[in-house]
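*Asks:* this one's structure only:
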Ligand SMILES: Nc1ncnc2c1ncn2[C@@H]1O[C@H](COP(=O)(O)OP(=O)(O)OP(=O)(O)O)[C@@H](O)[C@H]1O
């Protein structure tokens, strides 16, 4: 579904990613692990066209996207939930969700399934985004990405700073999406237990390069912990 090949990314003169490759097969959930500052967020931004990528290729369902602007990548089916969540604090929960439909030209509606996945959003539809807790904002950000039915959902550290019960809820949603088979998922995560619970395959990044990869059910916990420990 997603094939990233030999991608390079830089901020000005500073090269952050050096020929990084990663594949996510249709219906899979893949996690990208690594210490702080190794380039994980930059990698996701490269997929979305939010950083300068002088070399490499990003294909979604076989289609090259590397020269396309971010909005076209989103329109082709990538839902991206950034680390900061980017909730509009002065808009209501419902208005934030409606913005998710802009990806497909503002047409369509918020299907009941979204509220089934995140019941808290139904009860809080008229509340301002800024009044929600961090965990509720994270759920809103994921829901907003899902309203456009993305082929590929990309999550940047969805558990960061979030209480355990909400982490469990987010884990349940990811597993549900996998079971449904309609959405392929790529997650950057530092919380190893969560990543192993939801993902089928893992990559480990260090200093702008992939250093390990494999099936999560064959993963050696101690070895990985050493690679991602701060
Ligand atoms: N906008 C920017 N301008 C310049 N350098 C940046 C910018 N954003 C990130 N960097 C640098 O790029 C490198 C990789 O950062 P990145 O945020 O991709 O890492 P990360 O693995 O996602 O870390 P974290 O887990 O802390 O989010 C770091 O050295 C960082 O300082």
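*Replies:* Received, thanks. Owing to the predicted nature of the structure, the values given are computational and were not obtained by experimental measurement.
*Asks:* can you name every helix or strand that the helix ranked longest in the chain contacts?
*Replies:* Ranked by residue count, the top helix of the chain under DSSP state H comes out as helix 164-180. Here helix 164-180 touches helix 134-146, strand 184-188, helix 192-198, going by 3 or more Cβ pairs under 8 Å, 6 or more residues apart in numbering; DSSP states H and E. Any C-beta I mention is one placed from the backbone N, CA and C, and that applies to glycine too.
*Asks:* can you list contacts of the next helix or strand after the first one?
*Replies:* Taking DSSP states H and E as the definition, the helix or strand that follows helix 134-146 towards the C-terminus is strand 152-156. Residues from elsewhere that reach strand 152-156, judged by Cβ atoms under 8 Å, 6 or more residues apart in numbering: 1-2, 24, 40-41, 44, 47-48, 60, 77-83, 142, 145-146, 177, 183-189.
*Asks:* what about the closest residue to residue 111 other than its chain neighbours, how many neighbours?
*Replies:* Spatial nearest neighbour of residue 111, chain neighbours left out: residue 147 (7.5 Å); criterion: Cβ to Cβ, 6 or more residues apart in numbering. By the criterion of other Cβ atoms under 10 Å, residue 147 has 23 neighbours.
*Asks:* same question for residue 10.
*Replies:* 17.
*Asks:* how close does it sit to residue 186?
*Replies:* Distance, residue 10 to residue 186, using Cβ to Cβ, to the nearest Å: 21 Å.
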